[in-house]
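1. Here is my input; please provide its structure:
(2 chains, ligands or ions: 2)
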Amino acid sequence: MDVALAAAHVSIEGLGKTYKSPRGDVVALQTLDLQLPRGAFVSLLGPSGCGKSTLLKIVSGVEAPSSGDIRIGGEVMRGPPDGLGMVFQRDVLMDWRSILDNVMLPVEFLELPRKEYRPKARELLRLFGLGDFMDRYPWELSGGMRQRAAICRALLTDPQLLLMDEPFGALDAFTRDELNLELQKTWLRTRKTVLFVTHSIPEAIFLSDRIVVMAARPGRIVEVIDVDFPRPRPLSVREEPEFARLARHIREIFEATGALGGGDVG
Amino acid sequence: MKRRRWRQPPVAVVFVLLLLAWQAGCWLLQPSPLVLPSPRMIFAELLDDPQLYLGNSWYTLSNTLAGFAMAVVIGVLLAVGIVYSRVLETLLYTPLVAMNSIPKVALAPVFILWLGTGNQSKIGMAFLIAIFAIVIDAVLGLRTVDPDMLALGRTLKGTPLKMLVKIRFPGALPAIFSGMKVGIALALVGTITGEFVAAQKGLGYVIMSAQGAFETTRVFAALLILSVIGTVLFYLLEWAERALLPWHVSHRAVSAGH
Ligand SMILES: Nc1ncnc2c1ncn2[C@@H]1O[C@H](COP(=O)(O)OP(=O)(O)O)[C@@H](O)[C@H]1O
Ligand SMILES: [Mg+2]
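-> Ligands and ions are numbered 1, 2, ... in the order given. The predicted model follows:
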């Protein structure tokens, strides 16, 4: 596929992370290599505790690796990189700011011109169906709307790399489908490099160009799977035999690595 | 709306009802005015020399507010220092928490020795007693930030100042307000304690001198004013909190009802 041929946007080499704790060390990630081609949608899929969040924290510069390094656009990363958008499982909106002001937060932190970005923030919110809620406060919105606002916040400054840590994990199935479609639309429009964490097999297949299947104890990659369904993908792609085949294949990997024993993966 | 008002009557109504009950009790039981004067006698006493009560109330109130304002400003600054610096935490926070358990009222004579019998010692007492609650609640508020929010700030290359002003401080405001609401009552206690020990002015002084002369009605008149001052100050803070933090969970039900 063509994205695989494109230059690597993010290149992770020999990455390891060990958390030191009084009850012994936890190997969250063990010598991990991964390339994110520029403009690709890559998912990390695996059971709880396999180090997905840890990997995202390291790529976002919030956590330092114990070994190995990360290159972004060829340069070794030190601290939070430029052009990064982050979406968490919880929306992390600030209750004391209106939705518009929440979306404007990156502009204030990065000291970009507010006058220039305010209209952009409004436009983005309208695009995500929040046009009538810009002046409301987060607690006045539903979970799906709040997460949409959090995505707008991550997109506002047009970062080239988008990191999303189980962004739809706390939403009901309907809202989740809706946001999956919306995310695909946004990605097709902007072609950002996306690193998306999920522990839903169908969600990973539906959204991704490439799925990185992980296992826990120690956190590691067990298989990398390319997904070739044409885009834009309708929700009904999930009923295609090839989709079912891929899902079964991934489930078998989890069974083989013991991840399905605890019933963690849905 | 009507029902809500019934469930929670305005504090002024409660106040008047209490006074009426007190008055009724005095009519029924006829206690000696030396033991318990009736509200009617107390109001007569207040109207007899309004100048005396106004002047002394203002003295007590202004010292309380001065001490309280200092406690808020310095308390919040200390809390920021404690949260951001391990050294300050070890040096200040641990002793502060330990000292909070000793009865600070016992320090009043020391303050009189240091600052004299004028208003400085009263402001000092109000400050000292109020600042503990404010520092402890502010530290708690500044510390209990959502870690994801801090991570978000870090990915946006937030400077320590930005993290403080845009993330930690707004999030800590509800805790700071609850510290202030405890602190304001304590500041009044501090001022009065100072006035009990040595003063020529203030409601505490009025109470002490009236007590020496067995003028029970005068003691109660000063107590009545004190309770009104304390209540009004508390509700002013609560009002300010509602106006400034409409987003806080504890106010949402009310603001949604409007
Ligand atoms: N701050 C931390 N301190 C110690 N251990 C941690 C910390 N964060 C994560 N871990 C451990 O590292 C492993 C991977 O965690 P995480 O990256 O959160 O996994 P995932 O997001 O895939 O569920 C887990 O065993 C977890 O307990
Ligand atoms: Mg996680």
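
2. what separates whichever residue of the stretch 101-250 of chain A sits closest to ligand 1 from residue B:172, distance-wise?
-> Nearest residue of the stretch 101-250 of chain A to ligand 1: residue A:219, at 5.7 Å (Cβ to the nearest ligand atom). For the C-beta atoms, the positions are set from N, CA and C on the backbone; glycine is no exception. Separation of residue A:219 from residue B:172 (Cβ to Cβ, to the nearest Å): 35 Å.

3. More neighbours: these two, which one.
-> residue B:172 (25 against 22; other Cβ atoms under 10 Å in any protein chain shown).

4. For that one, pull up the helix or strand it's in.
-> helix B:169-197 (DSSP states H and E).

5. Just list what the helix or strand hosting residue B:153 packs against, helices and strands only.
-> In the assignment (DSSP H and E), residue B:153 maps to helix B:147-155. For helix B:147-155, the elements it packs on are strand A:84-87, judged by 3 or more Cβ pairs under 8 Å, 6 or more residues apart in numbering or on different chains; DSSP states H and E.

6. Could you list every helix and strand that the strand it packs on packs against?
-> Against strand A:84-87 (3+ Cβ pairs under 8 Å, 6+ apart) you get helix A:143-155, strand A:161-165, helix B:147-155.

7. For the second one, give the mean pLDDT please.
-> Okay, so that is strand A:161-165. Mean per-residue pLDDT for strand A:161-165: 97.

8. what comes up buried for the next helix or strand after it?
-> With elements assigned by DSSP H and E, the helix or strand that comes after strand A:161-165 is helix A:173-190. For helix A:173-190, the neighbour count (16 or more other Cβ atoms under 10 Å in any protein chain shown) marks A:175, A:176, A:177, A:178, A:179, A:180, A:181, A:182, A:183, A:184, A:186, A:187 as buried.

9. Just put those residues in TSV and tack on distance to residue B:207 and pLDDT.
-> Compiled in TSV, those are given as follows (distance: Cβ to Cβ, whole Å; pLDDT from 0 to 100):
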residue	distance to residue B:207	pLDDT
A:175	64	93
A:176	67	94
A:177	71	95
A:178	68	93
A:179	66	94
A:180	71	96
A:181	73	95
A:182	69	94
A:183	69	96
A:184	74	97
A:186	70	95
A:187	73	96
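
10. Nearest to residue A:7 among those?
-> residue A:187 (18.4 Å; Cβ to Cβ).

11. Next, the contact list for that closest one, please.
-> By Cβ atoms under 8 Å, 6 or more residues apart in numbering or on different chains, the contact set of residue A:187 is A:41, A:194, A:207.

12. hang on, the second one packs against residue A:44?
-> No - counting by Cβ atoms under 8 Å, residue A:44 is not a contact partner of residue A:194; they are 10.9 Å apart.

13. what does the stretch 1-150 of chain B put close to chain A?
-> B:146, B:148, B:149 (Cβ under 8 Å from any Cβ of the partner chain).

14. for whichever strand or helix holds residue A:106, packing partners?
-> In the assignment (DSSP H and E), residue A:106 maps to helix A:105-109. Counting contacts by 3+ Cβ pairs under 8 Å, 6+ apart, helix A:105-109 is packed against helix A:114-127, helix A:143-155.

15. Off-centre distance for it?
-> How far helix A:105-109 lies from its chain's middle: 20 Å, per Cα atoms, centre = their mean, to the nearest Å.

16. State the pLDDT value of the nearest residue to residue A:167 once chain neighbours are set aside.
-> Leaving aside its sequence neighbours, residue A:167 sits nearest to residue A:87 (Cβ to Cβ, 6 or more residues apart in numbering or on different chains; 4.5 Å). pLDDT, residue A:87: 97.

17. Show me what residue A:87 is bridged to.
-> residue A:164 (DSSP bridges).

18. residues contacting it?
-> Here residue A:87 is in contact with A:147, A:150, A:151, A:154, A:162, A:163, A:164, A:165, A:167 (Cβ under 8 Å, 6+ apart).

19. how many other residues sit next to the fifth one?
-> Look at residue A:162: counted by other Cβ under 10 Å, it has 24 neighbours.

20. So residue B:66 is in contact with residue B:123, correct?
-> Yes - under the criterion of Cβ under 8 Å, residue B:66 makes contact with residue B:123 at 4.8 Å.

21. Could you check which of the two is surrounded by more residues?
-> Between residue B:66 and residue B:123, counting by other Cβ under 10 Å, residue B:123 is the more crowded of the two (26 against 19).

22. Now name the helix or strand holding the more buried one.
-> helix B:119-143.

23. do residue A:29 as well
-> strand A:26-37.

24. That strand and chain B, any residue contact?
-> No - applying Cβ under 8 Å from any Cβ, one finds strand A:26-37 separated from chain B by no less than 15.8 Å.

25. Which of the three states applies to the closest residue in space to residue A:217 that isn't next to it in sequence?
-> Nearest residue to residue A:217 in three dimensions, chain neighbours excluded: residue A:49, at 7.2 Å (Cβ to Cβ, 6+ apart). With DSSP: H, G, I helix; E, B strand; the rest coil as the basis, the three-state label of residue A:49 is coil.

26. Check the burial of the closest residue to residue B:52 other than its chain neighbours by counting its neighbours.
-> With Cβ to Cβ, 6+ apart as the measure, residue B:206 is the residue that lies nearest to residue B:52, at 7.4 Å, once sequence neighbours are left out. Residues contacting residue B:206 under the criterion other Cβ under 10 Å number 27.

27. List the residues that contact residue B:206.
-> B:52, B:53, B:56, B:218, B:222.

28. buried subset of these?
-> B:53, B:56, B:218, B:222.

29. just to revisit the earlier point, so which other helices or strands are in contact with whichever helix or strand comes after the strand holding residue A:29?
-> Later in the chain than strand A:26-37, the nearest helix or strand by DSSP H and E is strand A:41-45. In terms of contacts (3+ Cβ pairs under 8 Å, 6+ apart), strand A:41-45 is packed against helix A:52-59, strand A:193-198, helix A:201-207, strand A:210-215.
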